[in-house]
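Undergrad: no sequence for this one, just the structure:
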């Protein structure tokens, strides 16, 4: 697998499914900054329909709809239907993730810790999602909410140092010095 961080503003994302897993994925994508996620659901739960709002499409995607997508998450659908939809998406050159079916995935969604602009991800390549979640919980205790302000502080320092004409290696050294001086990477004992 190739790890990437994708800016959702430049892509059309969609989820296909009807239940709790689809709702969970939709909410995770929105927390990641994807505002215009299409939701294809032929029998959505009331909670999914409410969360989808104007982005709800009351059907599963057909070839024309798939042609407009870049990434598709499939969940809460019977296996034969999910497999057929995944194949149709691939034919349309759409990258696909079939929830809990590693062999049906072109990409895997990672376990993540978000602290403002700091994004830390964990992946087991789809082999052990529960392990990835456990590691994520450990990272959450090491990287608490204070990291949001730390990222902003370092970004401001980096901007100032660049304006002063420092080279990238010099800036990197200064950032590492700030982190070491303040012991930012001293994690508490894991739970």
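TA: Thanks, I have the structure now. Remember, it's a predicted structure, so these values are computed and weren't measured experimentally.
Undergrad: So which residues of this protein form strands?
TA: Shown for the chain, the strands assigned by DSSP state E span residues 13-16, 38-40, 56-57, 71-74, 95-98, 111-115, 118-122.
Undergrad: Please identify which of those strands is closest to residue 176.
TA: strand 118-122 (15.8 Å; C-beta to C-beta). (Each C-beta comes from the backbone N, C-alpha and C, glycine too.)
Undergrad: and the closest one, how far from the chain's centre?
TA: A distance of 9 Å separates the C-alpha centroid of strand 118-122 from that of its chain, computed with C-alpha atoms, centre = their mean, to the nearest Å.
Undergrad: What mean pLDDT does that strand get?
TA: Across strand 118-122, pLDDT averages out at 91.
Undergrad: quick one: that strand to strand 111-115, angle?
TA: Comparing the axes of strand 118-122 and strand 111-115 via axes from the mean of the first three to the mean of the last three C-alpha atoms, to 10 degrees yields an angle of 170 degrees.
Undergrad: Would you map the helices across this protein?
TA: Along the chain, the segments classed as helices by DSSP state H run 20-31, 46-52, 63-66, 79-91, 129-142, 146-163, 168-181.
Undergrad: Domains in the chain, by residue range?
TA: Domain assignment for the chain by automatic domain parsing gives 8-109, 110-191.
Undergrad: averaging pLDDT over each of these, which comes out lowest?
TA: Mean pLDDT values for the domains of the chain show the minimum at domain 110-191, a mean of 90.
Undergrad: any idea how far it is from the chain center?
TA: Relative to its chain's centre, domain 110-191 lies at 17 Å (C-alpha atoms, centre = their mean).
Undergrad: Let me see the contact set for the nearest residue to residue 101 once chain neighbours are set aside.
TA: Nearest in space to residue 101, with sequence neighbours left out and distances taken as C-beta to C-beta, 6 or more residues apart in numbering, is residue 82 at 7.2 Å. By C-beta atoms under 8 Å, 6 or more residues apart in numbering, the residues touching residue 82 are 74-75, 98, 101, 104.
Undergrad: State whether residue 106 and residue 95 are indeed in contact, as I suppose.
TA: Yes. Using C-beta atoms under 8 Å, residue 106 is in contact with residue 95, at 4.4 Å.
Undergrad: which ones are touching residue 27?
TA: With C-beta under 8 Å, 6+ apart, residue 27 has these contacts: residue 51.
Undergrad: contacting residues for residue 57?
TA: The contact partners of residue 57, taken as C-beta under 8 Å, 6+ apart, are 38-41, 65.
Undergrad: How about residue 19?
TA: The neighbourhood of residue 19, defined by C-beta under 8 Å, 6+ apart, consists of 45, 48, 75-76.
Undergrad: can you do 10 Å?
TA: Residues near residue 19 by C-beta atoms under 10 Å, 6 or more residues apart in numbering: 41, 43-45, 47-48, 75-77.
Undergrad: Check residue 3 too.
TA: Counting by C-beta under 10 Å, 6+ apart, residue 3 touches 107-108, 110, 121, 123.
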